[in-house]
Each structure stands twice: as structure tokens, then as C-alpha cells.
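1. The sequence isn't on hand, but the structure is:
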């Protein structure tokens, strides 16, 4: 049976190291503090565009809005234009 759990499982040895635990706790605490500051004053959002997706991202805490997805295909030509209309006389 094939699974993909090896990508999501954390090695047990990494959890026992106190230095790793302290770093993870500090990182989590700083993200929570920054998120609380943004919650009080509001997010400083900027428009971000990635392949097939457009969303707002906070420059301070990194919060992302759900955003919009764009189709991957290009628009198709529905009606051919008349080249003689664009000719200067």
C-alpha cells in the first residue's frame, strides 16, 4: 500500500531536541504577536499575483486572503477584425 505520510510526518528525534523546541516556540510566538498587532491595527495588504491566482498578502504578518483563481488558458478570438477599418486614408 502506498502512502504519502513520509512527507507529513515529523521525525521523533527532532522533537526531543530542546533547542529545536525553543526555536519553534519562539517562531510561533512571534507569528502570533505579529498577527495580534495586525488584528488590532488592520492588515497592510498588497496585491500579489502568482500563476493562476490573485490575492492580497499582508506585508507584516504574511496573512493571505482567499483570493481569486484565473483560468490558465488564453482568451480566444471570437470575431476576426477587418484590417481595412484600421487603415489611414
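-> Structure received. From a predicted model like this one, the values you see are computed outputs, not experimental measurements.

2. quick one: terminal-to-terminal distance for stretch 51-60?
-> 23 Å (CA to CA, to the nearest Å).

3. now it: mean pLDDT?
-> Mean pLDDT, taken over the full extent of stretch 51-60, equals 86.

4. which of the residues in that stretch are buried?
-> 57, 58 (16 or more other CB atoms under 10 Å). (Glycine included, C-beta is placed from N, CA and C.)

5. cool, stretch 33-43 as well?
-> Quick answer for stretch 33-43 (16+ other CB under 10 Å): 35, 38, 43.

6. Pull the contacting residues for the second one.
-> For residue 38, the contacting residues are 44, 58, 60, 61, 63, by CB atoms under 8 Å, 6 or more residues apart in numbering.

7. measure it to residue 82 for me?
-> 54 Å (CB to CB, to the nearest Å).

8. What of residue 24?
-> 65 Å.

9. More neighbours: which of those two?
-> Comparing residue 24 with residue 82 by other CB atoms under 10 Å, the one with more neighbours is residue 24, at 12 against 8.

10. and that one, which of the three is it?
-> Of the three states, residue 24 takes helix according to DSSP: H, G, I helix; E, B strand; the rest coil.

11. how near is it to residue 60?
-> 21 Å.

12. Likewise for residue 22?
-> 24 Å.

13. What of residue 30?
-> Counting by CB to CB - residue 30 and residue 60 are separated by 11 Å.

14. can you give me the strands for this protein?
-> Per DSSP state E, the chain carries strands over the ranges 45-50, 53-58, 68-69.

15. Compute the inter-axis angle for the first one and strand 53-58.
-> What that stands for is strand 45-50. Put simply, strand 45-50 runs at 150 degrees to strand 53-58, going by axes from the mean of the first three to the mean of the last three CA atoms, to 10 degrees.

16. quick one: contacts of strand 45-50?
-> With CB under 8 Å, 6+ apart, strand 45-50 has contacts from 54, 55, 56, 57, 58, 59, 64, 65.
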